[in-house]
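Enquirer: Provided below for reference: sequence and predicted model.
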Protein chains: 2
Amino acid sequence: MKLYSYWRSGTSYRVRLALALKGAEVDIVPVNLAAGEHREDAFRSINPQGLVPTLELDDGTRLSQSPAIIEYLDETLPGPKLLPSNPLERARARHLAALIGCDVHPLQNLRVQRYLKDPLGHDQDTAHQWSAHWIEAGFEALEAELNASNHAGPFAMGEAPGVVECYVLPQLFGGRRFGAEVERFPRLLELEAATLAVPGVQAATPNAQPEAG
Amino acid sequence: MKLYSYWRSGTSYRVRLALALKGAEVDIVPVNLAAGEHREDAFRSINPQGLVPTLELDDGTRLSQSPAIIEYLDETLPGPKLLPSNPLERARARHLAALIGCDVHPLQNLRVQRYLKDPLGHDQDTAHQWSAHWIEAGFEALEAELNASNHAGPFAMGEAPGVVECYVLPQLFGGRRFGAEVERFPRLLELEAATLAVPGVQAATPNAQPEAG
C-alpha cells in the first residue's frame, strides 16, 4: 500500500496512526501542500480533488477521506481492532471520533483559514483565534465525555489505543499550532502521552516525517 | 426508541432518514433550537452538550453524533442495509458521506453562522454567502464523484438509497436555505427526487415535522 500524505495534515496523521496501530507496512509518499503540489497535474491524476490523505491499494484502487480509510483498514487488515466489537461501544467510539472529525477539524483546516483572510479580510491572528476557539470548544466536550466514561483510561475505549486516539493526537498537534490552550485538557494529554509510548506510533507523528521542517 | 430532533437541523434529518429507510418505529421528540430549548436544563439532562440529534434506546441509553447513530442503526436494526457489504464499497459510501459530513455541513451550521456575526462582525448576507460557498464546493466534488461512478443511479451506491442519501438530502435542504445554486447539480437532484419517492421517506423531511414553520 501507498499513502499520499503531508506531514502537517491532521487527516494524514490520523491515517498514519491507524496504519501504525494495525502494524501495517505502507509506503508514505509526501505531497507538499504548502508548495501546492496537491494542485499539480501529477497529483491530480492520483486524486482529482487534490486531497491528502489518499490510500492506494496494491491493485491501484484509491481511497479518500480519513474516516472511510480508517474504517476500511480496520475491516480488512489483521492486527489490533481500532473499533470495539460491541455495537454500543462502537457507537461511542465513533461519537468521540466525530466530535473531532466533524465538530472541530473541518473548521480549522487550511482552506478555511485562507477564506477568513480572503475574501473576508481577517488577519492571521484572527484566523488562528478562530481555529483555537473551535478546537477548545471541541476539547471541552471531549474532555468531559472522557471524564464521565466508565473506561478508566489512559485510552478512550479500553486497554489500547484505537480510532479515538487516531483523531485526538492530530487535533492536539493542530491545537498547539493554532495557540489553543491544550494544557486545560489533562485527560486528553494523558491519552496522547500513553499513545505516543506505544511501539511504532512515534514514526507516524508529523515531526518524524521526512519532509517535516 | 426516541429521537430528539429539530425539524431544520440537517443532522437530525439524516437520522430521521436512516430510521425511515430501515423501516424503524421511533418517537420523534422536537427540541426547538431556534427558541434555545437545547440549552435549557430539561434537555441538558438528556444531552449535557445540548445537541440534537440524540437517540434514546428503550433501555435509556443515549447516542450522539449522527455518523455514529446511523452506523449503529445499520448494525443493529433489521431492514435494508444502509451500507454496502463489500469493504471497498463501504469505504466508497463512507467517503461520499464524509464529503458532506466533514467537508460541508460543519462549516454551515448555526454556531458557525453566529460566530461570523459576533465576534467577527459580518452581516447575515456574508454569513449566508460563506455557507453557500462551502456547500457549492462540496457539491461540485460530490457531483463529479457520482458522475464518475460505475453505479448508474439514481442512487449513489446501488438499487436503493442508503447512507449517502441520508447525507445528501439534508445538505440540499440546507443549500436551498442558504442560497446555494443547487440547480447546478442535476445528479444530486436526481438522487434526491428518487429518494423522496421511496415509501416512508416523506415523513422524515423537515416540512413534515410537527414543529415546522
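Expert: Sure, I can see it. Residues are numbered from 1 along each chain as shown, chains lettered A, B, ... in the order given.
Enquirer: List every C-alpha atom in stretch A:58-74, with coordinates, as PDB.
Expert: These are the backbone C-alpha positions of stretch A:58-74, laid out as PDB (Å, rounded to 0.1, in the frame of the first residue of the first chain):
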ATOM      1  CA  ASP A  58      -1.700  -2.800  -4.200                       C
ATOM      2  CA  ASP A  59      -4.100  -3.200  -7.100                       C
ATOM      3  CA  GLY A  60      -4.200   0.600  -7.700                       C
ATOM      4  CA  THR A  61      -7.600   1.200  -6.000                       C
ATOM      5  CA  ARG A  62      -7.500   4.600  -4.300                       C
ATOM      6  CA  LEU A  63      -9.500   5.600  -1.200                       C
ATOM      7  CA  SER A  64     -10.200   9.100   0.100                       C
ATOM      8  CA  GLN A  65     -11.500  10.700   3.300                       C
ATOM      9  CA  SER A  66      -9.800   9.600   6.500                       C
ATOM     10  CA  PRO A  67     -12.900   8.300   8.400                       C
ATOM     11  CA  ALA A  68     -13.600   6.000   5.400                       C
ATOM     12  CA  ILE A  69     -10.000   4.900   5.100                       C
ATOM     13  CA  ILE A  70      -9.700   4.200   8.900                       C
ATOM     14  CA  GLU A  71     -12.800   2.000   8.900                       C
ATOM     15  CA  TYR A  72     -11.600   0.200   5.800                       C
ATOM     16  CA  LEU A  73      -8.200  -0.600   7.300                       C
ATOM     17  CA  ASP A  74      -9.900  -1.900  10.500                       C
END
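Enquirer: roughly how far is it from the heart of the chain?
Expert: Stretch A:58-74 sits 14 Å away from the centroid of its parent chain (Cα atoms, centre = their mean, to the nearest Å).
Enquirer: List the contacts of that stretch.
Expert: A:1, A:11-12, A:14-15, A:18-19, A:22, A:24, A:46-47, A:49, A:51, A:53-57, A:81-83, A:97, A:101, A:163, A:166, B:67, B:87-88, B:90-95, B:97-99, B:101-102 (Cβ atoms under 8 Å, 6 or more residues apart in numbering or on different chains). C-beta here means a position set from N, CA and C on the backbone, and glycine is covered the same way.
Enquirer: and these, which of them are in helices?
Expert: A:11-12, A:14-15, A:18-19, A:22, A:97, A:101, A:163, A:166, B:67, B:87-88, B:90-95, B:97-99, B:101 (DSSP state H).
Enquirer: For PyMOL, write a command that selects the buried ones of these.
Expert: Command for PyMOL that selects the buried part of those, burial taken from 16 or more other Cβ atoms under 10 Å in any protein chain shown:
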select buried, (chain A and resi 11+12+14+15+18+19+22+97+101+163+166) or (chain B and resi 67+90+91+92+93+94+95+97+98+99+101)
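Enquirer: Can I get the top helix by length along chain A in PDB? Just the C-alpha atoms.
Expert: Criterion DSSP H: the longest helix present in chain A is helix A:124-147. These are the backbone C-alpha positions of helix A:124-147, laid out as PDB (Å, rounded to 0.1, in the frame of the first residue of the first chain):
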ATOM      1  CA  GLN A 124      -3.500  35.800  10.600                       C
ATOM      2  CA  ASP A 125      -4.100  36.400  14.300                       C
ATOM      3  CA  THR A 126      -7.900  36.400  13.900                       C
ATOM      4  CA  ALA A 127      -7.700  33.200  11.700                       C
ATOM      5  CA  HIS A 128      -5.700  31.500  14.500                       C
ATOM      6  CA  GLN A 129      -8.100  32.700  17.200                       C
ATOM      7  CA  TRP A 130     -11.000  31.300  15.100                       C
ATOM      8  CA  SER A 131      -9.300  27.900  15.000                       C
ATOM      9  CA  ALA A 132      -8.300  27.900  18.700                       C
ATOM     10  CA  HIS A 133     -12.000  28.800  19.600                       C
ATOM     11  CA  TRP A 134     -13.400  25.700  17.800                       C
ATOM     12  CA  ILE A 135     -10.600  23.500  19.000                       C
ATOM     13  CA  GLU A 136     -11.100  24.400  22.700                       C
ATOM     14  CA  ALA A 137     -14.900  24.100  22.400                       C
ATOM     15  CA  GLY A 138     -14.400  20.500  21.000                       C
ATOM     16  CA  PHE A 139     -11.800  19.600  23.600                       C
ATOM     17  CA  GLU A 140     -14.100  20.800  26.400                       C
ATOM     18  CA  ALA A 141     -16.800  18.400  25.200                       C
ATOM     19  CA  LEU A 142     -14.400  15.600  24.600                       C
ATOM     20  CA  GLU A 143     -12.600  16.000  28.000                       C
ATOM     21  CA  ALA A 144     -16.000  16.000  29.700                       C
ATOM     22  CA  GLU A 145     -17.000  12.800  27.800                       C
ATOM     23  CA  LEU A 146     -13.800  11.000  28.700                       C
ATOM     24  CA  ASN A 147     -14.000  12.100  32.400                       C
END
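Enquirer: Briefly note if it comes near chain B.
Expert: Yes. Applying Cβ under 8 Å from any Cβ of the partner chain, one finds helix A:124-147 touching chain B at A:Thr126, A:Trp130, A:His133, A:Ala141, A:Ala144.
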